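*Asks:* All I have is the shape, not the residue letters:
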């Protein structure tokens, strides 16, 4: 490779390395904030686990709050991107609403750190989410998709008309978050593991059945 070619590729390589470093920091920080909350999380621990320094972390994220906000933004963006990518074209409204409920069920099960992050941010009364310009618009894809499915179902006479997208979003989220957030207390009180493999398909179907039955009950 000629010196000219080398000089041309170096900036791109540095950008890739920088992006990888940033993503690695966010990945490790997600676990640290999920386990310990904003106040209890330690940037020193994140630096050690990412083989970087606090100075490097602050270079990317300004401070601890900036890092925490970046973690929240990525965590919410992941579920919103999955919702946007959901293929509902060709599905009738009942099948579409079931597919969306099942997608949320699967995502929350696979991302328990997301549930803990949401719980921690609620304990802080949504302080950091309110400050984030990126997060302020991340609720729209879910609401837009739900509004579209609801409208199609209502126009076809399949769905009740006294609910809106956020009502449905609350039903889906309540079920999926409860299942993950309360697994330990539920097991201690009732001796049932809410995330047991043998119960998974039953619970997943129950959510979709419950939601579709409610929407069709005029």
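*Replies:* Received, thanks. Computed from a predicted structure; not experimentally measured.
*Asks:* in the helix or strand where residue 175 lies, what's buried?
*Replies:* Under the criterion of DSSP states H and E, residue 175 resides in helix 165-181. For helix 165-181, a neighbour-count test (16 or more other Cβ atoms under 10 Å) marks 165, 168, 169, 171, 172, 173, 175, 176, 177, 179, 180, 181 as buried. In this view, the C-beta of every residue, glycine as well, is placed from N, C-alpha and C.
*Asks:* tell me how far the helix or strand following it is from the chain's mean position?
*Replies:* In the C-terminal direction, the helix or strand that comes right after helix 165-181 (DSSP H and E) is helix 183-190. Helix 183-190 sits 24 Å away from the centroid of its parent chain (Cα atoms, centre = their mean, to the nearest Å).
*Asks:* got it, and stretch 116-136?
*Replies:* The answer for stretch 116-136 is 12 Å, by Cα atoms, centre = their mean.
*Asks:* just stretch 103-114 next, same as before
*Replies:* On Cα atoms, centre = their mean, the centre of stretch 103-114 falls 7 Å from that of its chain.
*Asks:* Show me which residues of that stretch are buried.
*Replies:* Result for stretch 103-114 [16+ other Cβ under 10 Å]: buried residues 103, 104, 105, 108, 109, 111, 113, 114.
*Asks:* ditto for stretch 31-44
*Replies:* Within stretch 31-44, judged by 16+ other Cβ under 10 Å, the buried ones are 31, 32, 33, 34, 37, 38, 41, 43.
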